[in-house]
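Asks: Next one to model:
(one chain, ligands or ions: 1)
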Amino acid sequence: MIKRSIKAKILLFYTVFFGILIALNILFIVSLSESSLVNEATQKIVEITQHAAYDIEIEDDGIKMDADEDDFEFYEDGVLFLIYDEQTIVYGNPPALFDTTLPFTFSEPLREHNDQIDWLYYDIALDSQYVVRGLYNITNIDRSVTQVINTLLILSPILVLFSLGGGYLIIRRNFKPLKSIYHTAEDIEQSKDFSKRVEGVSNPKDEFGKLTKMINQMLDQIEISINREKSFSSNVSHELRTPLAVMRAQLELTLEKAGKSPLTSDLNVLMQQLFHLESIVTQLLELARMRVLTKDDLEPIDLYDTALYVGESMSHMMTKKNLTFFVIKPDFDPIISANQVMMVRLFTNLIQNAIKYNVEQGRIEILFTKTANEIHIDVKDTGIGIEETHLNDVFNPFYQVDSSRFNVDKSIGLGLSFVKEIVLLHQGSVSVKSIKGQGTTFHLIFPLS
Ligand code: ADP
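Replies: You can find the predicted model right below:
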């Protein structure tokens, strides 16, 4: 089924309805005008013929007009008179195209169509011998009805077009707030920036105005909750740093005092866990503090150079696994306006994972493509891959497919949360595709402007 917009549906209904209304109007007007014109002509021919009959007197030697015979008008107000003596016309000039032999009917006027001419005729018997016949050419009635139809046929499409245009403008104007609501929602969905609000509502008191007000109030609430949550985790992490630092200092002191006693190895385990806890708290604090980027945080960054630099700085880790690393040089400069520290962090996390989850003698490849207004980056590896059921969750903080990795390399599941947060702060998007046992590809998109 074709999906039409609400605007198109209303417009279609409105136009069809208006079209039917106009068509019915035309039928009504035409039938009404034809019957009323014929009625009027019928009345007229009866009246005028009766009046003429009144002016004619019958005498022994024939008939006599009330006035002088020469003055008698054989044509009055469109009606022409013929006087018959039995079947023969004795007075009056019959029109060439009228059949004068038509039988008399005295009850009511009759219509006769002859050679494209429409006649109305009416007979009155003056006595048993003489008859006066009134003749009225009503061809013009048909013509005027045809004229009305033609005019309406020309006018109706113009009227429909006008109504369509007018309707479209009114609907477009009134649906503008809906468009604005839709675009704001889409904007927020893409940028995750809850400080955006629906704007451009012309009438705050109509339905859309009220809806917009409600949506903006809801967005206020959501923004407050998000900020509260961010400041809560930021505060908690901040508050934890001091006692942790104190604990570390105290533990270092105790370790010194313990010297070579059997307690030392236990204290060393405690120390390692403390370092790790501190690292988690620092990362959490950093994640919570990532807010909207201002213009001052941004500069033109060449993503190819950044990926190459980060990869090379991690080459010692790749060598350990005999990995091959490629950053394919694009035939354009993949430069975007970004925060350099964040971009280094982003590539570090992705390449680190590509190394961590790769197989011996595996491969890591980074390639750049470009559309009219976006830069696309693929970070591919030939590693262990991720099962489909986990793909939606890997960007969530602390999510790990295999939590036992903590014992292997102190992984805590925050790397991809940083990647996602950084991408969103740069108005971009990130997705992942993977085949278990074959490899994983992270696909990043950044707007060019
Ligand atoms: P971690 O510290 O566990 O690496 P991340 O947030 O970086 O945390 O990644 C979350 C999870 O996603 C990881 O535990 C891992 O299971 C999976 N993952 C991330 N990158 C890859 C990759 N390149 N190949 C396979 N699995 C990956």
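
Asks: residue contacts, the one residue in the chain that gets nearest to the ligand?
Replies: Residue nearest to the ligand within the chain (Cβ to the nearest ligand atom): G415, separated by 2.6 Å. For glycine as for every other residue, the C-beta is placed from the backbone atoms N, C-alpha and C. The contact partners of G415, taken as Cβ atoms under 8 Å, 6 or more residues apart in numbering, are N349, Q352, N353.

Asks: Name the residues of stretch 39-53 that are buried.
Replies: Across stretch 39-53, burial judged by 16 or more other Cβ atoms under 10 Å covers A41, T42, K44, I45, V46, I48, T49, A52, A53.

Asks: Adding secondary structure as columns, could you present these in TSV?
Replies: As requested, the buried residues of stretch 39-53 are exported to TSV (DSSP: H, G, I helix; E, B strand; the rest coil):
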residue	secondary structure
A41	helix
T42	helix
K44	helix
I45	helix
V46	helix
I48	helix
T49	helix
A52	helix
A53	helix
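
Asks: Same list, those, but as a markdown table with pLDDT and distance to the ligand please.
Replies: Shown next, in a markdown table, are the buried residues of stretch 39-53 (pLDDT from 0 to 100; distance: Cβ to the nearest ligand atom, whole Å):
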| residue | pLDDT | distance to the ligand |
| --- | --- | --- |
| A41 | 88 | 94 |
| T42 | 91 | 95 |
| K44 | 91 | 98 |
| I45 | 92 | 100 |
| V46 | 93 | 101 |
| I48 | 92 | 104 |
| T49 | 91 | 106 |
| A52 | 87 | 110 |
| A53 | 88 | 112 |
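
Asks: could you dump those residues to JSON lines with distance to N216?
Replies: Listed next are these as JSON lines, based on distance: Cβ to Cβ, whole Å:
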{"residue": "A41", "distance to N216": "70"}
{"residue": "T42", "distance to N216": "71"}
{"residue": "K44", "distance to N216": "72"}
{"residue": "I45", "distance to N216": "76"}
{"residue": "V46", "distance to N216": "76"}
{"residue": "I48", "distance to N216": "78"}
{"residue": "T49", "distance to N216": "81"}
{"residue": "A52", "distance to N216": "84"}
{"residue": "A53", "distance to N216": "86"}
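
Asks: Report the beta-bridge partners for the closest residue to L391 other than its chain neighbours.
Replies: Spatial nearest neighbour of L391, chain neighbours left out: V432 (5.8 Å); criterion: Cβ to Cβ, 6 or more residues apart in numbering. Applying DSSP bridges to V432 yields these beta-bridge partners: F442.

Asks: give me the element the closest residue to L414 other than its chain neighbours is part of.
Replies: Leaving aside its chain neighbours, L414 sits nearest to Q283 (5.2 Å; criterion: Cβ to Cβ, 6+ apart). Using DSSP states H and E, Q283 sits within helix 263-289.

Asks: G165 now?
Replies: Using DSSP H and E, G165 maps to helix 139-191.

Asks: Just checking the distance from that helix to the centre of its chain.
Replies: What separates the centre of helix 139-191 from the centre of its chain is 18 Å, taken as Cα atoms, centre = their mean, to the nearest Å.

Asks: Report the angle between the helix or strand that it is followed by and helix 139-191.
Replies: Scanning forward in sequence from helix 139-191 by DSSP H and E, the next helix or strand is helix 207-258. With axes from the mean of the first three to the mean of the last three Cα atoms, to 10 degrees applied, the angle from helix 207-258 to helix 139-191 works out at 10 degrees.

Asks: angle of helix 207-258 against helix 263-289?
Replies: With the same axes, to 10 degrees defining the directions, helix 207-258 sits at 160 degrees from helix 263-289.

Asks: Got phi/psi on I336?
Replies: Main-chain dihedrals, I336, degrees, to the nearest 10: phi -130, psi 160.

Asks: Could you pull up the contacting residues of it?
Replies: P300, I301, L303, I375, H426, F446, P447, L448.

Asks: Show the model's pLDDT score for it.
Replies: With respect to pLDDT, I336 scores 95.

Asks: Helices along the stretch 251-400 of the chain, start to end?
Replies: For the stretch 251-400 of the chain, the helices defined by DSSP state H, counting those that start in this stretch cover 263-289, 303-313, 315-320, 340-356, 388-391.

Asks: TSV for those, including mean neighbour count, mean pLDDT and distance to F98?
Replies: TSV is the format used below for the helices of the stretch 251-400 of the chain (neighbours: other Cβ atoms under 10 Å; pLDDT from 0 to 100; distance: least, Cβ to Cβ, whole Å):
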stretch	mean neighbour count	mean pLDDT	distance to F98
helix 263-289	15	87	104
helix 303-313	18	97	97
helix 315-320	12	96	112
helix 340-356	20	95	100
helix 388-391	12	93	94
